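In: pasting a predicted model and its sequence here:
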Amino acid sequence: MLLRTERLLLREFMDDDWPAFHAVESLPEVARYQSFEPRTEDESRAYIQRAVAGAAEEPRATYDLAVVLAAERRLIGRCGLGLASPAFEAMLWYTLHPAYWGQGYTTEAARALVGFGFRQLGLHRVWADCDPANPGSWRVLEKLGLRREGHLRENVWMDGAWTDSYIYAVLDREWS
């Protein structure tokens, strides 16, 4: 699978992507608002192996794609949809290298993947969650047209403390 945007390619992960993936996912600032610690090399390799295997599943439950700068063919992060069963709803996620934050890449990648979900997969609803302390993430969701549906209090244990989550979603009829 391959999605193209003005500046990006969203493609399936390949086994040899793990070093570039690790360069993103091992950074403390990337893991700061995630439910995982900075990944070790072994964890990065295992993640890529799961993503490669997941791409071959039938029916497919996950679209976990590498986000690549089209001009340079450089992997800068990931963007994914996890399908619910039945597959009328999906969870959106994204992670990019901090060097590419604030430049519209996350919004561009997520817009392409959410559009794919509605047009090609026939989804009815796409949702995401994020830490309220991460305005960069919830601003991306709002730029995409997702609406804040809820504020879950102390629902995630992270770094030795309970943290909140915002829940955002968009319906197929709202997507433009």
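Out: Received the coordinates, thanks. Numbers count the residues shown, from 1 in each chain.
In: what's the distance between the closest residue to Ala20 other than its chain neighbours and Gly102?
Out: Spatially, and ignoring its direct neighbours in sequence, Ala20 is nearest to Leu75 (3.9 Å; C-beta to C-beta, 6 or more residues apart in numbering). (C-beta placed from N, C-alpha, C; glycine too.) As judged by C-beta to C-beta, to the nearest Å, Leu75 and Gly102 stand 19 Å apart.
In: ok, the two, which is more surrounded?
Out: With other C-beta atoms under 10 Å as the criterion, Leu75 and Gly102 differ in neighbour count, and Leu75 comes out ahead with 22 against 11.
In: list the buried ones in the helix or strand hosting Ala23?
Out: Per DSSP states H and E, Ala23 falls inside helix 18-25. If you call a residue buried by 16 or more other C-beta atoms under 10 Å, then helix 18-25 has these buried ones: Trp18, Ala20, Phe21, His22, Val24, Glu25.
In: from the contact counts, what lies against that helix?
Out: Packing partners of helix 18-25 (3 or more C-beta pairs under 8 Å, 6 or more residues apart in numbering; DSSP states H and E): helix 41-55, strand 74-83, strand 89-96.
In: for the ones you listed, which one sits closest to Leu141?
Out: Checking these against Leu141 by C-beta to C-beta gives strand 89-96 as the closest, at 8.0 Å.
In: follow-up on the earlier one: what's in contact with the helix holding Ala23?
Out: With contact meaning C-beta atoms under 8 Å, 6 or more residues apart in numbering, helix 18-25 is reached by 13, 30-31, 38-39, 41, 43-45, 47-48, 66, 74-78, 95-97.
In: that'll do, ta.
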